[in-house]
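Asker: I'd like to go over a predicted model; first the sequence, then the structure.
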Amino acid sequence: MSAATHSATADRKRRFRPDRDVEEWHGKYYPYDLIKEGIIAFIVVLIVVVGLAVIFSSPDDKPVTVKSWSTANPVDFAQTAITELDGTSGTATYGPPYNSTTGSSQSIGPISPESWFGVHHPIDTANDYVIDPLQTLPNTPEVQAAVTEYKSASADQQASWTAAYEKAVANATYSNGVLTVPKGDYGPVGTMIAGLTSMARSGALDGALLSSRQFYGTDYTKPLLFIADGQYLANLGAADHLGGDQWGMMNETGNWPGQAWLWLYTMWYQVPPFKTSANADFQVWAVMMFLTLLLALVPFIPGLRSIPRWTRVYRLIWRQHYKDLAPSGPLGKGAESDRGP
Amino acid sequence: MTIDTETQVNPSADLPEDAHQLTAKLRHAAVEALPPQKLMPDRQPAYVASWIYVFGILTVSALAVVILTGIVLAIFGPNWWHVSTVGLFFNSLHLWSVEVFFFCMVVHLWGKFFMAAWRGRRRATWVSGVIAFVISVATAFTGYLSQQNFDSQWISTQAKDGINSTGAGAIMNVTNFGQMIMWHIVLLPLVVGILVGGHILLVRLRGVVPPFAPPDQLAIEVKQGVPADTAATAASEVQA
């Protein structure tokens, strides 16, 4: 009989499987101070953490505001604002949970949870980002008249104006506080976007995008999505190696490690078919959910649960144990068991 | 009248136990499942002799530092660390303890994988550990969303597409700072705490998984479907 004095505890009625069952230990026990080990581990971790914090600190880059964005790049702001007004921006065409744009939800075959759950954080970009904030501006009769004219026009007329402005603003310039857009038949839209740009640069738009809610606001969905629709934020992210194609999800600004544990999730976005798929987000999530389920259920899956036995990495972990079990080892001579817990 | 202040007598000590009480039943079940020597053992099996075993307690220690530094940040509020040097230091402690926590947890997880630590009615221990890891990832993620800086803006506007694609965006709005910070400091830490606590109790309940039988005996186990020792004993009895 083995010197380790194993005894079977697995149910005798079912076949013993070494990857599922185990012979419980009746071999030697050694003194072990659980609390002492815990205290030492805590102190070691604390020293390491304090050392890392002192040496490397933590990143805290200032957030982008609508004011800082429109100040740094007013043309990009104006080009984004017109897409919010004419409903062609990323947010305007997003679909659920922000609006009900059809055909924009991601899916795998007939499965599309995004559209099943529907709109939960409604955003009407034309009104929420352009018209409503402009209507809060005091002492701006020219802007208010432009808003009135725009609102009272037919949908076709509005579309004609915004299309003309969107084409013209592609070649806009900004100097000495003035947004200069090539002439075109865009009616009151030019006055509206110029007014919104001035409002944004003054900082008033940041407040207006939140003030539609209660006094104590903590929901930044509207201003964040507005800012994300522009190219300015994307350029800052790309410059800091945070783009989706730069493993951006797991990175942080600067050289800090970020969420390194998201490496597998981020990796799928770098490889085909996910890299170019219109449903990449849902597909990657589906893959990750499947893999997570697989990891959690390893003990129940024949084959998968045998990998540790096949790879024999356990021989390294328990090398002292197997050494002791050898005929010349202390357990190989049939040593008496010490008392267990 | 004199009062004996030296000896305090518990008046309920002599009363018979109400064994039918739910409280008494729960106490008996808890003590039976986890007697003090099992809950806080002062002996370990001889095979627990590898550095890999240290990573479990290191993970718990790092979690303790995460919670303590998080409490300090919560006391002073979310704006504090942006305007105070001391606050920035505590935020750095919080960040690095999270990094150490995940490093130790991943090493612990893979260590347990290669030990096949689910053997012998330890499957719940494994599953609870994996779920604790996944919820920890979500907790850290909401922490990154609650920083109120460029990183938060970037991560929330990028991550929203993945969350929304699953339909979860209807409930979990990653661009809503108020919701994310509540998830980060209340809901998810509570779940992680319960899972880690349950995981540790399961480890104490089932003990540390014993090693595989040596290769020659393992071959017998696989072939005959019985523990190697049982097979060896049966064989010797037949020979006798």
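Answerer: Now that the structure is in, tell me what you want to look at. Residues are numbered from 1 along each chain as shown, chains lettered A, B, ... in the order given.
Asker: looking at chain B, which helix or strand does the model trust least?
Answerer: Taking mean pLDDT, DSSP states H and E as the measure, the helices and strands of chain B show their lowest mean at helix B:228-239, namely a mean of 48.
Asker: not counting residues beside it along the chain, what's closest to the residue nearest the centre of chain A?
Answerer: Central residue of chain A (CA atoms, centre = their mean): A:Met249, 6.0 Å from the mean position. Of all residues not flanking A:Met249 in the chain, A:Thr266 sits nearest, at 4.5 Å (CB to CB, 6 or more residues apart in numbering or on different chains). In short, each C-beta sits where N, CA and C put it, glycine included.
Asker: mind checking what secondary structure that neighbour has?
Answerer: Under DSSP: H, G, I helix; E, B strand; the rest coil, A:Thr266 falls in the helix class.
Asker: then A:Tyr186?
Answerer: Under three-state DSSP, A:Tyr186 falls in the coil class.
Asker: and the gap between it and A:Pro133?
Answerer: The spacing between A:Tyr186 and A:Pro133, counted by CB to CB, to the nearest Å, is 19 Å.
Asker: ok so, going back, list the residues that contact the residue nearest to A:Met249.
Answerer: A:Trp247, A:Gly248, A:Met249, A:Met250 (CB atoms under 8 Å, 6 or more residues apart in numbering or on different chains).
Asker: point out where chain A drops to low pLDDT.
Answerer: A:1-13, A:211-213, A:328-341 (pLDDT under 70).
Asker: what pLDDT does the model give the most centrally placed residue in chain B?
Answerer: What sits nearest the mean C-alpha location of chain B, by CA atoms, centre = their mean, is B:Val196, with 2.0 Å. For B:Val196, the model assigns a pLDDT of 98.
Asker: my read: B:Trp80 touches B:Leu73, true?
Answerer: Yes. Counting by CB atoms under 8 Å, B:Trp80 touches B:Leu73, with 7.1 Å between them.
Asker: shared neighbours of these two, which are they?
Answerer: Joint contacts of B:Trp80 and B:Leu73 (CB under 8 Å, 6+ apart) are B:Gly87.
Asker: tell me the contacts of the residue nearest to the centre of chain A?
Answerer: A:Gln259, A:Leu262, A:Tyr265, A:Thr266, A:Tyr269, B:Ile155, B:Gln158, B:Ala159.
Asker: helix, strand or coil for it?
Answerer: A:Met249 ends up helix, using three-state DSSP.
Asker: tell me which parts of the stretch 151-300 of chain A are close to chain B?
Answerer: For the stretch 151-300 of chain A, the contact set with chain B under CB under 8 Å from any CB of the partner chain comprises A:218-221, A:224-225, A:227-228, A:233, A:236-237, A:242, A:244, A:248-249, A:252-253, A:256-257, A:259-262, A:279, A:281-282, A:284-285, A:292, A:295-300.
Asker: make a ChimeraX selection of the buried ones in those residues.
Answerer: Burial among these is assessed by 16 or more other CB atoms under 10 Å in any protein chain shown; the matching ChimeraX selection reads:
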select /A:219,220,221,224,225,227,228,233,236,237,242,244,248,249,252,253,256,257,259,261,262,279,281,282,284,285,292,295,296,298,299
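Asker: circling back: distance of the residue nearest to A:Met249 from A:Leu242?
Answerer: A:Thr266 is 11 Å from A:Leu242, by CB to CB.
Asker: so what sits against both of those two?
Answerer: With CB under 8 Å, 6+ apart, A:Thr266 and A:Leu242 have common neighbours A:Gly248.
Asker: quick one: low-confidence parts of chain B?
Answerer: Within chain B, the segments meeting pLDDT under 70 span B:1-15, B:221-222, B:228-240.
Asker: which parts of it are helices?
Answerer: For chain B, applying DSSP state H gives helices covering B:22-33, B:36-39, B:54-76, B:80-83, B:85-114, B:123-145, B:150-165, B:177-182, B:188-206, B:215-224, B:228-239.
Asker: how far off centre is the longest one?
Answerer: Average the C-alpha atoms of helix B:85-114, do the same for its chain, and the two points are 14 Å apart (CA atoms, centre = their mean, to the nearest Å).
Asker: in it, what's buried?
Answerer: For helix B:85-114, by 16+ other CB under 10 Å, it's B:87-105, B:107-109, B:111-114.
Asker: can you give me the angle it makes with helix B:188-206?
Answerer: Put simply, helix B:85-114 runs at 40 degrees to helix B:188-206, going by axes from the mean of the first three to the mean of the last three CA atoms, to 10 degrees.
Asker: tell me what helix B:85-114 is packed against?
Answerer: With contacts defined as 3 or more CB pairs under 8 Å, 6 or more residues apart in numbering or on different chains; DSSP states H and E, the packing partners of helix B:85-114 are helix A:34-56, helix A:307-311, helix A:314-317, helix B:54-76, helix B:80-83, helix B:123-145.
Asker: other SSEs contacting the last one?
Answerer: Read it as helix B:123-145. The helices and strands touching helix B:123-145, judged by 3+ CB pairs under 8 Å, 6+ apart, are helix A:280-296, helix B:85-114, helix B:150-165, helix B:177-182, helix B:188-206.
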